[in-house]
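A.B. asks: Any chance you could fold what I've pasted below:
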Amino acid sequence: MGLLTEGSPLSWEETKKYADHVRKHGINQFLNIYKKLKDRTGDTLKWGDEVEYMLVTFDHENKTARLNLDGITYLKCLQQDEINNPDENTAIWRPEYGAYMLEGTPARPYGGSMAHFNVVEANMKIRREEIMKLLKAEDSPLSITSFPRLGCPGFTLPGYEPTLTEDGASRSLYFPDQAINNDHPRFSTLTRNIRSRRGGKIAINIPSKPKLLNLETFYIIVGVQYML
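C.D. replies: Residues are numbered from 1 along each chain as shown. Okay, the predicted model is just below:
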């Protein structure tokens, strides 16, 4: 998610006043940095990874799985190691968009040595173990693209109805505002501003007549997937 700082985000109407200023000064800043550093050499490329986890609670008796909205509680516990042992911690934890989500990254960036590639998987394993120590037996941190029942009735724990009122952040028919991470002001404001900027809610519709792939495109897709 990148750097998240506390503050009071601007509404879309407030942001519009500064849009041209931000564009102009952003370009100037880039050019100034480029001119200052364009001849610098010998830097080591730094890199890392991030894994986003969804907290899922399984009810085996009733054969249900729901997203656990208590992510912020676990996040604060996970961040204690970073606060108490800033030079020894192996991972750092940050909030994500969903109240059921956690984001974990290495505590320090990897460098330019090939040896760094050998520690990526081990660090990912450590992160998962840190979460598992805190979770209840019925909970699991899933690192999947999307929860299969997202938007279905009762997909959260605790359960909430969608927020359709005027003061709702998304006014979604399917996704309650309580499922958004409201502990940090960025996420609900982001949701509200997207809707304000567009002049309406986001609507993703399946085309009535999906286009068929031609044979050449099909072979390109299959070939790329085979290489991966």
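
A.B. asks: switch to C-alpha atoms for all contacts and neighbour counts from now on
C.D. replies: Fine.

A.B. asks: which residue is nearest the middle of this protein?
C.D. replies: Glu96 (4.5 Å; Cα atoms, centre = their mean).

A.B. asks: quick one, what contacts that residue?
C.D. replies: Residues near Glu96 by Cα atoms under 8 Å, 6 or more residues apart in numbering: 1, 52, 102-103, 181.

A.B. asks: could you redo the last one with a cut-off of 6 Å?
C.D. replies: Applying Cα atoms under 6 Å, 6 or more residues apart in numbering, we find Glu96 in contact with Leu102.

A.B. asks: cool, and Ile27?
C.D. replies: With contacts defined as Cα under 6 Å, 6+ apart, Ile27 has no neighbours.

A.B. asks: Asp167 too?
C.D. replies: Shown in contact with Asp167 (Cα under 6 Å, 6+ apart): no residues.

A.B. asks: What average pLDDT does the longest strand seen in the chain get?
C.D. replies: In the chain, taking DSSP state E as the definition, the longest strand is strand 51-59. For strand 51-59, the mean pLDDT works out to 96.

A.B. asks: Mind checking what helix or strand follows it in sequence?
C.D. replies: strand 64-68 (DSSP states H and E).

A.B. asks: can you pull out the strands in the protein?
C.D. replies: 51-59, 64-68, 91-94, 101-106, 139-142, 156-157.

A.B. asks: want to try JSON lines for the ones you listed, with mean neighbour count and distance to Asn28 as columns?
C.D. replies: Below are the strands of the chain laid out as JSON lines (neighbours: other Cα atoms under 10 Å; distance: least, Cα to Cα, whole Å):
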{"stretch": "strand 51-59", "mean neighbour count": "20", "distance to Asn28": "33"}
{"stretch": "strand 64-68", "mean neighbour count": "21", "distance to Asn28": "44"}
{"stretch": "strand 91-94", "mean neighbour count": "21", "distance to Asn28": "31"}
{"stretch": "strand 101-106", "mean neighbour count": "22", "distance to Asn28": "31"}
{"stretch": "strand 139-142", "mean neighbour count": "18", "distance to Asn28": "42"}
{"stretch": "strand 156-157", "mean neighbour count": "20", "distance to Asn28": "45"}
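
A.B. asks: Sounds good, over and out.
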